[in-house]
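K.L.:
Need a 3D model of the sequence below.
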Amino acid sequence: MEFRQLTLDRLKKFVGRRFFSVADIVSDPRRFAAALEGLAYCDYSLAIKAGVHFTLCGGTVAKLGTAKHHAALLPRIDNLELPGCFGEERGNGGGRGATRADGSRALSHAPSETLSRPFFFPPSCIR
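P.N.:
Residues are numbered from 1 along each chain as shown. Below is the predicted model:
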């Protein structure tokens, strides 16, 4: 079995145990941090994969999303139905652009309009 697949299988088992919810980032951050920190003692690859999924993807929705986003997305992030990843803009060397919760763009100082377009990874690339 490929190591990436093994790590994804381990993440699925971890998620199935319901140690925490991505909503705990806001409501119970100590519980959230303790669960993720515990993973680092067991399997660092799993801790990184869970951190990307729950903090970069899920944390963004939990902290910046509206109630509508929370209801629609957080349960799907919690059970890996909606796997998360992260991306940054191409060409500006620092990922300085961002999308706000309302969907508007925070403009970066990219060298050109073409290079400042956001680049997102499909969920399938974390599998």
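K.L.:
mind giving me the domain split of this protein?
P.N.:
3-78, 88-121 (automatic domain parsing).
K.L.:
And the ones you listed, which one averages the lowest pLDDT?
P.N.:
Mean pLDDT is lowest for domain 88-121 out of these, coming in at a mean of 48.
K.L.:
residue boundaries of the strands in this protein?
P.N.:
With DSSP state E, the ranges of strands along the chain come out as 98-99, 105-106.
K.L.:
Residue 65 and residue 43, how far apart?
P.N.:
29 Å (CB to CB, to the nearest Å). Any C-beta I mention is one placed from the backbone N, CA and C, and that applies to glycine too.
K.L.:
what's the answer for residue 12, then?
P.N.:
13 Å.
K.L.:
Looking only at neighbour counts, state which of these two leads.
P.N.:
Taking other CB atoms under 10 Å, residue 12 and residue 43 do not tie; residue 43 has more neighbours (16 against 11).
K.L.:
Thought residue 6 was touching the more buried one, still the case?
P.N.:
No. Using CB atoms under 8 Å, residue 43 makes no contact with residue 6, being 9.4 Å away.
K.L.:
so who does residue 59 touch?
P.N.:
Going by CB atoms under 8 Å, 6 or more residues apart in numbering, residue 59 touches 22, 25.
K.L.:
Apply 10 Å and report the result again.
P.N.:
Residues counted as contacts of residue 59 (CB atoms under 10 Å, 6 or more residues apart in numbering) are 22, 25-26, 32, 51, 53, 77, 84.
K.L.:
All set now, cheers.
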